[in-house]
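Undergrad: would you be able to build a 3D model of this:
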Amino acid sequence: MHAISPTLLAGDSAITGSPVTRQVTRFAWHWAGALCLSMAAVLALSAHGDITTPAIILATGIALLSMGIADDNLTCGRLFGWPLITLTGALTLLAHYTT
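TA: Have a look, this model is predicted:
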């Protein structure tokens with residue numbers, strides 16, 4: 001059982017009343033966890049000199065682009081967050097390949 005499950009199963013509240021809201025909350029919960037793990041990996045590798053700036057930019061762009069597309073698929077395009085996440089990932093990848 002995930003740590004977010006009790007909140008999502010709490011019944012009909014303003015937060016958990018809608019299936020879309022539950023899905024978005026679950027997605028945001030996991031996305032935040034993935035971002036924290038990614039940041040820890042970047043910091044650890046940077047401390048040892050094993051990672052370069054282009055690699056960080058590329059990994060960030062790929063992660064954001066894939067999370068934006070996943071958010072679109074999970075919410076069937078009903079929310080406005082996925083285009084912003086996808087655009088951020090695309091622009092990050094553009095920055096990587098043009099510099």
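Undergrad: the residue nearest to the spatial centre of the chain sits in which helix or strand?
TA: The residue lying closest to the centre of the chain (CA atoms, centre = their mean) is residue 31, at 3.9 Å. Residue 31 belongs to helix 19-47 when elements are defined using DSSP states H and E.
Undergrad: continuing past that helix, what's the next helix or strand?
TA: helix 53-75.
Undergrad: and whatever helix or strand comes next after that next one, C-alpha only, in PDB?
TA: With elements assigned by DSSP H and E, the helix or strand that comes after helix 53-75 is helix 81-98. Backbone C-alpha positions of helix 81-98 (Å, rounded to 0.1, in the frame of the first residue of the first chain) are rendered in PDB as follows:
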ATOM      1  CA  GLY A  81      -0.800  21.000 -16.500                       C
ATOM      2  CA  TRP A  82       0.300  18.500 -19.100                       C
ATOM      3  CA  PRO A  83       1.000  21.000 -21.900                       C
ATOM      4  CA  LEU A  84       3.200  23.100 -19.600                       C
ATOM      5  CA  ILE A  85       5.200  20.100 -18.400                       C
ATOM      6  CA  THR A  86       5.500  18.800 -22.000                       C
ATOM      7  CA  LEU A  87       6.600  22.200 -23.300                       C
ATOM      8  CA  THR A  88       9.100  22.600 -20.500                       C
ATOM      9  CA  GLY A  89      10.600  19.200 -21.400                       C
ATOM     10  CA  ALA A  90      10.600  20.000 -25.100                       C
ATOM     11  CA  LEU A  91      12.300  23.400 -24.500                       C
ATOM     12  CA  THR A  92      14.900  21.800 -22.200                       C
ATOM     13  CA  LEU A  93      15.700  19.200 -24.900                       C
ATOM     14  CA  LEU A  94      15.900  22.000 -27.500                       C
ATOM     15  CA  ALA A  95      18.400  23.800 -25.200                       C
ATOM     16  CA  HIS A  96      20.400  20.700 -24.900                       C
ATOM     17  CA  TYR A  97      20.600  20.100 -28.700                       C
ATOM     18  CA  THR A  98      21.200  23.700 -29.700                       C
END
